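K.L.:
3D model of this:
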Amino acid sequence: MKPWIKVVLALFLGSIFGLITQQSFPFLEKVGQVFIDLLKMTVGLIVFSSIVTGICHISCPHKLKRIGLRSLVFFIVTTMIAIFNSICVCYWIRPGEGLGMILPKVSQSSSMSMIDQIFALFPSNLFASLASGNILQVIVFATFFSCALLMVKEKGAPVLQFFESLLEVMIRLTQIVMRFAPVGVFALMACSTGQMGWDLLEKLILYLGCNYLACTLQLVFVYSFTVYFLARISLITFYRAMKDAIVYGLSTCSSSATLPISLECVKKNLNIPKEIAGFVLSIGSTINMNGAAIGQISCALFIAQAYGVELTFSSLILLIVSTFLSAVGAAGIPGASIMMMSIILNALELPVEGILLVAGIDRLREMFSTVINVLGDAVAAVYVAKKEEESVELTQEFPAFLKG
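P.N.:
The predicted structure is shown next:
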């Protein structure tokens, strides 16, 4: 039986068990909490190594030219659109409203001003940031570290190789943890539905609906628009060419695992030059996480609404910034988004325990989100390839005296 089928089966069995018993079992609560803790323990090192390797690969001198800049601009613009798209959908549907969760006293601290929150992003001690779970500070440090690593050039190659190996090890560790996902999901859903019954299930269905709607809007109004009007490719041709990557993304919930399939689809079926496809898709599978951004925004707003917290303007700005940074730092593996949620909840001073509300159904959300991640990289590749083609044609049309 495939892993995702086991998780979905555990989701339904846990829900049925909770509805029948109508109570929470301390043992199952601990099992669910251990599963979340195991996921959270990998976050810091995954984020750090992912940021370092991503920035250093983007900034290689032979790549940081037209293709690199166009790819980066496309990634940033589409990620920001995905974030605002998800915010609008969640404020319109308000999936978590009415759950009446009680906010712990530790989370009712006085909120900092936006200036203080910005200053708080800069760490004084990396290890203290890792120990306290302040991943935003880890991201800032990783960015500075990457810039310094680029400045030493060849001397930094062994260090970069170390972080590439570290990222691979942490991804393998996460995959080991995800083998216990069916047990964790069963425990989480049994406890949640046992305490809240049908009310929680109704809200979770709305939560999934918000994710699916936001992803659909991104697919139709951003990706399809780019493919048809900017890249001038038939939508039928594009989606038929990407069908293998779509199916594989749905089944694995991993944009990194889908990367070889995506490369094959883009190069062979869409005839994108291999240097463009290889660069854009490889970098995109690390930093272009539109589906993850949508999921993180909807999760944060669902939890805020469940606890009756109305976010201020400065909190929304912080939510946007932290989501963008965590989406860039997220690894393209199953469970990555739910791991990164601790970053956003800590930044917003919302209880991290709120993750338990949605962890049980995260696999259902992640399936569609992964497809959005995968297609986003492919759309970026065809867009950049089209722009490169136009640039070459334009250069060839110039008289010789205008070229130099």
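K.L.:
which helix or strand lies directly C-terminal to the helix or strand where I294 lies?
P.N.:
Assigned by DSSP states H and E, I294 belongs to helix 290-306. Next in sequence after helix 290-306, counting helices and strands by DSSP H and E, comes helix 313-329.
K.L.:
could I get the average pLDDT for that next one?
P.N.:
Averaged across helix 313-329, pLDDT comes to 84.
K.L.:
okay, angle between the helix holding I294 and helix 313-329 too, please.
P.N.:
Angle of helix 290-306 versus helix 313-329, following axes from the mean of the first three to the mean of the last three C-alpha atoms, to 10 degrees, is 140 degrees.
K.L.:
for helix 290-306, buried residues please.
P.N.:
By neighbour count on 16 or more other C-beta atoms under 10 Å, the buried set for helix 290-306 is 290-306. All C-beta spots, glycine's among them, are computed from the backbone N, C-alpha and C.
K.L.:
what's the answer for stretch 147-164, then?
P.N.:
L149, L150, L160, F163.
K.L.:
please name every helix or strand in contact with the helix or strand N373 falls within.
P.N.:
In this assignment (DSSP H and E), N373 forms part of helix 362-397. Counting by 3 or more C-beta pairs under 8 Å, 6 or more residues apart in numbering; DSSP states H and E, the packing neighbours recorded for helix 362-397 are helix 3-21, helix 66-93, helix 198-218, helix 243-252, helix 255-264, helix 274-287, helix 290-306, helix 336-347.
K.L.:
let me know which of the ones you listed is tucked in deepest.
P.N.:
Highest mean neighbour count among the helices and strands packed on helix 362-397 (mean count of other C-beta atoms under 10 Å): helix 290-306, with a mean of 28.
K.L.:
where does the stretch 301-404 of the chain have low pLDDT?
P.N.:
328-336, 339, 390-404 (pLDDT under 70).
K.L.:
least confident secondary structure element in this structure?
P.N.:
helix 400-403 (a mean of 38; mean pLDDT, DSSP states H and E).
K.L.:
mind listing what the closest residue to G14 other than its chain neighbours touches?
P.N.:
Distances taken as C-beta to C-beta, 6 or more residues apart in numbering place M189 nearest to G14, at 3.1 Å, with adjacent residues excluded. When contacts are counted by C-beta atoms under 8 Å, 6 or more residues apart in numbering, M189 touches A10, L11, G14, S15, F17, G18, G360, I361.
K.L.:
for G98, state which of these is nearest.
P.N.:
Taking C-beta to C-beta as the measure, G98 lies nearest I361 of those, at 18.0 Å.
K.L.:
how near is that closest one to A82?
P.N.:
20 Å (C-beta to C-beta, to the nearest Å).
K.L.:
thinking again about what came up before, got the helices and strands packed on helix 362-397 as JSON lines, with distance to V31 columns?
P.N.:
JSON lines is the format used below for those (distance: least, C-beta to C-beta, whole Å):
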{"stretch": "helix 3-21", "distance to V31": "11"}
{"stretch": "helix 66-93", "distance to V31": "30"}
{"stretch": "helix 198-218", "distance to V31": "18"}
{"stretch": "helix 243-252", "distance to V31": "25"}
{"stretch": "helix 255-264", "distance to V31": "27"}
{"stretch": "helix 274-287", "distance to V31": "32"}
{"stretch": "helix 290-306", "distance to V31": "21"}
{"stretch": "helix 336-347", "distance to V31": "16"}
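K.L.:
wait, which of those helices is closest to V382?
P.N.:
Short answer: helix 274-287, nearest of these by C-beta to C-beta, at 9.1 Å.
K.L.:
can I get the closest one in PDB, CA atoms only?
P.N.:
What follows is helix 274-287, C-alpha atoms only, in PDB (Å, rounded to 0.1, in the frame of the first residue of the first chain):
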ATOM      1  CA  LYS A 274      18.100  21.700 -21.100                       C
ATOM      2  CA  GLU A 275      20.200  24.400 -19.600                       C
ATOM      3  CA  ILE A 276      17.100  26.500 -18.900                       C
ATOM      4  CA  ALA A 277      15.100  23.500 -17.700                       C
ATOM      5  CA  GLY A 278      17.800  22.200 -15.500                       C
ATOM      6  CA  PHE A 279      18.600  25.600 -13.800                       C
ATOM      7  CA  VAL A 280      15.000  26.900 -13.300                       C
ATOM      8  CA  LEU A 281      13.500  23.600 -12.100                       C
ATOM      9  CA  SER A 282      16.400  22.700  -9.800                       C
ATOM     10  CA  ILE A 283      16.300  26.100  -8.100                       C
ATOM     11  CA  GLY A 284      12.500  26.200  -8.200                       C
ATOM     12  CA  SER A 285      12.100  22.900  -6.400                       C
ATOM     13  CA  THR A 286      13.900  24.600  -3.500                       C
ATOM     14  CA  ILE A 287      12.700  28.200  -3.400                       C
END
